[in-house]
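Undergrad: Provide a 3D model corresponding to the input given below.
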Amino acid sequence: MFADPKKRLGLLLVLPALIFIVVCFLLPVLALLIDAFRVGDGMQWGFDRFIEFFSQEFNRTIFWRTLRIAALVTLASIILGYPAAQAVARVSPKWRGLVVGMMILPLMVSPIARTYAWIVLLGRNGALNAALVNMGFTDEPLRLLFSEFAVFVGLLQLLLPLMLMSLAGALENLPRDVEPAAATLGANPWQVFCKVTLPLTQEGLVVGGTLVFTGCVTAYVTPALLGGTKVLMLETLLYQKVSVESDFGAANVIAVILVCMTLLVNAGLNRVLKKDPSPSDFVARHANFSGWKPHFS
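TA: Below is the predicted model of the structure:
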């Protein structure tokens, strides 16, 4: 079957990584899926555990909160990430290494340390409350910790570098003459971004959006420390089901829900990804910004 020595060598090189993925990832996920859909202790299968989980208003509230915060963090990272990534892509090669290093630096700091820094800033006696009181915006410190706002800010700061790196990589591969060409054809800056830059960098957007959303629905430390028991999310609820209640059936259901949420978001982002033959053809096909189409000889 593999008479070619190069193919046999390639298979041998890939085989250790493939075995590792199958044993350490695919088989545990498969066992998780099997147990989540099992009814009772027998060999019957169904959606009984999922129906029971979503029949409780408490669980539904946590599910929608997790989905809402993850979606808002992903949207905010896109809004903040695109201008920053464009700035990084336009930096001269002399300074690009330094800028990229500063962009990666937050990822080298432990999430626990970064989360505790937000506790110091958002606490009742923290720097943010002290500034608000001193400037007269409020008479007494606000309850910023153990709120959805604190979890949102913590997750955004934690995962924004992932979106930034994905978008910066996509923008660096964008030809330099595409955006000036669209501007020459009558596009204003907003049209250049919406009709040229955004469609041609959607692959980076899909990767970054998937990483940020996945990080939001799987992060435990940040929601646990900044949200506490008042702002439970699916990942903190999963921990409680395992460590406090020893309810492994419900924990498996939550784990499957988290996996399905990630897969659905990735599939949804990929649906908006449109393949174009080349940037120049893309600009030529959309070159009607000012109401006329140029003639290309």
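
Undergrad: any idea how far the residue nearest the centre of the chain lies from Leu269?
TA: By CA atoms, centre = their mean, the mean C-alpha position of the chain lies nearest to Val212, the distance being 1.2 Å. The span separating Val212 from Leu269 equals 11 Å under the rule CB to CB, to the nearest Å. (Glycine included, C-beta is placed from N, CA and C.)

Undergrad: and the residue nearest to the centre of the chain, what does it touch?
TA: Applying CB atoms under 8 Å, 6 or more residues apart in numbering, we find Val212 in contact with Val73, Thr74, Ser77, Leu159, Leu160, Leu162, Met163.

Undergrad: pLDDT (mean, whole number) over the strand or helix carrying the fourth one?
TA: When elements are assigned from DSSP states H and E, Leu159 belongs to helix 148-172. Rounded to a whole number, the mean pLDDT of helix 148-172 is 91.

Undergrad: Show the secondary-structure elements that that helix is packed against.
TA: Using 3 or more CB pairs under 8 Å, 6 or more residues apart in numbering; DSSP states H and E as the contact definition, the elements that helix 148-172 packs against are helix 57-90, helix 93-104, helix 111-122, helix 202-218, helix 221-227.

Undergrad: Could you check the angle the fourth one makes with helix 148-172?
TA: Using axes from the mean of the first three to the mean of the last three CA atoms, to 10 degrees, the direction of helix 202-218 lies 160 degrees away from that of helix 148-172.

Undergrad: Mind exporting the C-alpha coordinates of helix 202-218 to CSV?
TA: C-alpha atoms of helix 202-218 as CSV (Å, rounded to 0.1, in the frame of the first residue of the first chain):
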residue,chain,number,x,y,z
GLN,A,202,-12.0,36.5,7.1
GLU,A,203,-9.8,33.4,7.6
GLY,A,204,-8.0,35.2,10.5
LEU,A,205,-11.4,36.3,11.8
VAL,A,206,-12.7,32.8,11.9
VAL,A,207,-9.6,31.5,13.6
GLY,A,208,-9.5,34.3,16.2
GLY,A,209,-13.2,34.2,16.8
THR,A,210,-13.1,30.4,17.4
LEU,A,211,-10.1,30.7,19.8
VAL,A,212,-11.7,33.6,21.8
PHE,A,213,-15.2,31.9,22.0
THR,A,214,-13.6,28.6,23.0
GLY,A,215,-11.5,30.3,25.6
CYS,A,216,-14.5,32.0,27.1
VAL,A,217,-16.6,28.9,27.4
THR,A,218,-13.8,26.7,28.8
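
Undergrad: Start the count at 50 instead of 1 going forward.
TA: Yes, from this point I'll number from 50; that puts the last item at helix 251-267.

Undergrad: Give me the angle between that helix and helix 106-139.
TA: Orientation of helix 251-267 against helix 106-139 (the same axes, to 10 degrees) gives an angle of 140 degrees.

Undergrad: Quick one: distance of helix 251-267 to the chain centre.
TA: Centroid separation for helix 251-267 versus its chain: 3 Å, with CA atoms, centre = their mean, to the nearest Å.

Undergrad: One more: the last one?
TA: Mean-position distance between helix 270-276 and its chain equals 17 Å (CA atoms, centre = their mean).

Undergrad: Name the next helix or strand following it along the chain.
TA: Next along the chain after helix 270-276, taking DSSP H and E as the criterion, comes helix 283-292.

Undergrad: Let me know the next secondary structure element after that following helix.
TA: Past helix 283-292, heading to the C-terminal end, the next element that is a helix or strand (DSSP H and E) is helix 297-320.

Undergrad: just how off-centre is that next one within its chain?
TA: Computed by CA atoms, centre = their mean, the chain-centroid distance of helix 297-320 equals 13 Å.

Undergrad: and the helix holding Leu208, which residues are buried?
TA: With burial defined by 16 or more other CB atoms under 10 Å, the residues of helix 197-221 counted as buried are 197-220.

Undergrad: what is the orientation angle of that helix with helix 142-153?
TA: 150 degrees.

Undergrad: how big is the angle separating helix 197-221 from helix 283-292?
TA: Put simply, helix 197-221 runs at 120 degrees to helix 283-292, going by the same axes, to 10 degrees.

Undergrad: circling back to that earlier point, list just the one of the helices and strands packed on helix 197-221 that sits closest to Ala80.
TA: Shortest separation from Ala80 across these is recorded for helix 251-267, at 18.5 Å, computed as CB to CB.
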